[in-house]
Structure formats: C-alpha cells, structure tokens
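Chemist: only geometry, no sequence info:
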C-alpha cells in the first residue's frame, strides 16, 4: 500500500470466510464439475507506512485494520480418491478457483509516534482508498460421511458405493493423439519494483545503486488463448504430452517509481511451451499438472504525477519482453454431457503461475516534460513480474472416436 507522497507499507489479507451455494454436473460417476458463488468476508491487517528511500526509515504514517464484505464466484472439480490402485471409501479431493470482490474503503492516515516530521499522533487529514479483488486457487481433501452408507454418494447423486478403484486397465477411449484448443480467461500480475541509478548522472551513484526499496505493484485483466498439443496414453490411466499456446489480451496495472510518479504497464502477450502429465480419474476425465517455458511481451509506460489533477507525461520506460517458466494444472473432460453427444470435443479448465526474472527499465524524459530535460534521466525502474491466470478452453481431439472408442 502506498500514497502519492512516496510512503509505502505492507497490507495483508489475514482471514477470509465465505458462505455460498454450488451447482454441478457429474461428468463421470466419481467426478463432479461445479460452479459456486455467494457471500465473502475478509479481515485486513492495516499498514505502517515509511519512506521508500533505500535503507528505509522510521514509520511515518499508519492506517487501521479493517474488514470488508463482498461476494465471490468460482468453480472446481471434485473426485473420489479411489485412484492409483488405492481404495479410500469416503475420501475425495477437490480443486477450486474463486474470485472475490469487495467495495472500496477509505482508510484515514494517522501520524505515527516518533515520525520524522515531529507531528503529534493524530489524523493527517488524508486517507488512502482501497478496493480489493482477491483470486485464490486451492486443493482440499474431503471426507463424505454418506459415501459408504446405504444412501447415495456425492451429494445424493451417485448410485453406487466405491469400494475399489475404477478399472482403467482397458480404457474405453484412447487419449493418444493431437488436439487443438481455444478459450478465454482472466489473470493477475504482481511485480516487485524499485528505483535504481543507471550511472549516467553521478549524483545518483554508480549503476545499480538502489535509490528506493522494493514495493509490490499489481495488475489484472482478461485474455484469449489458443494452442496445440499431443498426448500419449500409457500404462492404462496415465497420460503425458507436450503442448504450445499463446495468450493475447490486456492484463494491466500500475508502474510507479516511488516518488509519486505513476503510469500503466500492460502484459500484452504471453506464450508457453511445456509438458504435462495426468491421471484418468475416469475414462473421460483427465486431471493433470504441467510446466515449462513461458515468454511475455510488455507494453512500456508513460509516467506522470499520481495527483488527482494529473499532468503531462514526465518520463517513459521502454516496452520489453521477459522469458521465464511456469507451473500449473487443470482438468479436462469430454463434452458428452447434458444428454448431448459431441465426439472429439472436450473442455479444460487450467490454472498457471508464471515467474520471470527482474528487468531494469531506464527512464527517459518525455517530450514536453515540465523539467525541460531530454534523454536519459539517470534512473531506472526495475520490474520482476509474477503472473497468475485461470482459463477455460474448448478442445478438439482428432483421434477421438476411433476403433478403440466404444461409448461409455
């Protein structure tokens, strides 16, 4: 959390809680795909703000702890754990994504005891507003008390008791082959950033000298995705494959240099090449993890004062690209659901977390800037992004429905 005077502190989401409803469809007798939504509450820490200048300093201002009420939407997949040849009656695993939205709150700033201005403890006359959006991905173990009883299992929808693992020695379908996919999703990026000297102007010190400490910046947005891959099914229920894809959209947020100067930074394009390995929790449902190379293209930024009245662009930073790596996972199931037969068509929902190294972006005076400067400023903003995305795609498998493909 920071203000326009260049003071910064840490804000922490300590606790969140929810009450909601969910509705789902059994894509296989032991696999539930669902969406959910409802009320969400949250408790936040409050913050102690100090100067961003490298080396830090005493706390200047504080903001209070607070709570926010809001709402969430999400979805997930739940399957029983009678897999890998292990019998586990009543035990399930669910993986779930949620997106929670909260209204803006106004947090009055208070002078901290011992602040460098010598001001008495009390309100400063200013406040920081804060409007959070929280995305989470979680995996949980579930125990269902009714799954082994005389009633039905899995929310009264399963007609059988699971006493042994599903027999996947001779699967009804063959997952080996090529596929293409396309879809859409949303994402967040967070970036650690500080201001450094480039060594061009001696007063700032040699190149690489930190002028401010790190602050955490962020952005959010939406994207489309498309890709191609190849899978190979082996040893019965196991599937491994390779793939490549791209994401095209607008995930944008703030880039700030720590002195009340701010601009917009946008992740325009990302692309990936990786491998995945998964397990068929049902003949038509693949649960998998993946990882590999990730590349990204970023927009560059035009920085101006963060004051409400705005002003002309003062500095610019260049567009750039970053290479890195990603890990993730997802679930893919065929679309023979709701009584509709769609041979070869699948749906997959996937989460990814991509990590990129820090880059140093030299600042340049913008034309018409209020300082009258030209060329490099002698400072640079560093940027170390971490990108999280969630997407849903339609998949078409070219080999589906071949000689091995009896209906199930």
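Modeler: It's in. Note that the structure is predicted; figures quoted are calculated from it, not measured. Numbers count the residues shown, from 1 in each chain.
Chemist: from here on, contacts and neighbour counts on C-alpha atoms
Modeler: Noted.
Chemist: got the domain ranges for the protein?
Modeler: Taking automatic domain parsing as the domain assignment, the ranges for the chain are 1-166, 170-408.
Chemist: next one: the last one to chain centre, how far?
Modeler: Mean-position distance between domain 170-408 and its chain equals 9 Å (Cα atoms, centre = their mean, to the nearest Å).
Chemist: quick one: mean pLDDT for it?
Modeler: For domain 170-408, mean pLDDT is 88.
Chemist: same question for the first one.
Modeler: Averaging the model's pLDDT scores along domain 1-166 yields 84.
Chemist: now the domains of the chain in a markdown table, with mean neighbour count?
Modeler: Below are the domains of the chain laid out as a markdown table (neighbours: other Cα atoms under 10 Å):
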| stretch | mean neighbour count |
| --- | --- |
| domain 1-166 | 17 |
| domain 170-408 | 19 |
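Chemist: partner residues bridging residue 229?
Modeler: Beta bridges link residue 229 to residue 179, residue 243 when assigned by DSSP bridges.
Chemist: would you agree it is in contact with residue 272?
Modeler: No - in terms of Cα atoms under 8 Å, residue 229 does not count as a neighbour of residue 272; the distance is 11.5 Å.
Chemist: can you give me the strands for the stretch 1-150 of the chain?
Modeler: Chain-ordered strands for the stretch 1-150 of the chain, with DSSP state E, counting those that start in this stretch as the definition, fall at 7-8, 13-28, 31-44, 47-51, 61-63, 66-80, 91-102, 105-111, 122-130, 133-143.
Chemist: identify the residues contacting the third one?
Modeler: Yep, that's strand 31-44 we're talking about. Applying Cα atoms under 8 Å, 6 or more residues apart in numbering, the external contacts of strand 31-44 come out as 11-27, 65-80, 100, 281-282, 285.
Chemist: how about the contacts made by the nearest residue to residue 298 once chain neighbours are set aside?
Modeler: Excluding its sequence neighbours, the residue lying closest to residue 298 (Cα to Cα, 6 or more residues apart in numbering) is residue 267, at 4.7 Å. Remark: with contacts taken as Cα under 8 Å, 6+ apart, residue 267 is in contact with 249, 250, 251, 252, 296, 297, 298, 299.
Chemist: most widely separated two among these?
Modeler: The most widely separated members of the contacts of residue 267, counting by Cα to Cα, are 252 and 296 (13.1 Å).
Chemist: and stretch 195-214, end to end?
Modeler: Terminal residues of stretch 195-214 are spaced 8 Å apart (Cα to Cα, to the nearest Å).
Chemist: contacts for it?
Modeler: Taking contacts as Cα under 8 Å, 6+ apart, the residues outside stretch 195-214 that touch it are 52-56, 192-194, 257-258, 362, 376-382.
Chemist: filter the residues you listed down to the ones in strands?
Modeler: Among those, the ones falling in strands (DSSP state E) are 192, 193, 362, 376, 377, 378, 379, 380, 381, 382.
Chemist: which pair in the residues you listed spans the largest distance?
Modeler: Maximum distance among the ones in strands among the contacts of stretch 195-214 (Cα to Cα): 22.6 Å, for 192 and 376.
Chemist: re earlier: wait, which of the contacts of residue 267 is closest to residue 235?
Modeler: Here the nearest of the contacts of residue 267 to residue 235, counting by Cα to Cα, is residue 296; it sits at 36.0 Å.
Chemist: and that closest one, what helix or strand is that in?
Modeler: With secondary structure defined by DSSP states H and E, residue 296 is part of strand 285-298.
Chemist: now do that strand against strand 31-44, angle only.
Modeler: Relative orientation of strand 285-298 versus strand 31-44 (axes from the mean of the first three to the mean of the last three Cα atoms, to 10 degrees): 50 degrees.
Chemist: give me the helices and strands touching strand 285-298, please.
Modeler: If contacts are counted by 3 or more Cα pairs under 8 Å, 6 or more residues apart in numbering; DSSP states H and E, strand 285-298 sits against strand 261-282, strand 320-334.
Chemist: what residues does that strand touch?
Modeler: By Cα under 8 Å, 6+ apart, the list of residues contacting strand 285-298 reads 27-28, 31, 265-281, 319-334, 354.
Chemist: dihedrals phi and psi, residue 204?
Modeler: Comment: the main-chain dihedrals of residue 204 come out as phi -90, psi 0, following degrees, to the nearest 10.
Chemist: if I look at it, how far off is residue 8?
Modeler: In this view, residue 204 and residue 8 are 21 Å apart by Cα to Cα.
Chemist: then residue 111?
Modeler: For residue 111, the distance to residue 8 (Cα to Cα) stands at 14 Å.
Chemist: next: residue 35.
Modeler: 38 Å.
Chemist: same check on residue 134?
Modeler: From residue 134 across to residue 8, the span is 21 Å (Cα to Cα).
Chemist: do the same with residue 356
Modeler: As for residue 356, its distance to residue 8 is 24 Å (criterion: Cα to Cα).
Chemist: looks like residue 387 contacts residue 187 (just checking).
Modeler: Yes - with contact defined as Cα under 8 Å, residue 387 counts as touching residue 187 (7.2 Å).
Chemist: start to end distance for stretch 50-58?
Modeler: Stretch 50-58 has an end-to-end distance of 6 Å (Cα to Cα).
Chemist: spell out the residue ranges of the helices in the stretch 301-408 of the chain.
Modeler: Under the criterion DSSP state H, counting those that start in this stretch, the stretch 301-408 of the chain carries no helices.
Chemist: where along it do the strands fall?
Modeler: With DSSP E, counting those that start in this stretch as the definition, the stretch 301-408 of the chain shows strands at residue ranges 301-305, 315-317, 320-334, 345-356, 359-365, 376-397.
Chemist: between the longest one and strand 320-334, how many degrees?
Modeler: On the basis of the same axes, to 10 degrees, strand 376-397 is oriented at 20 degrees to strand 320-334.
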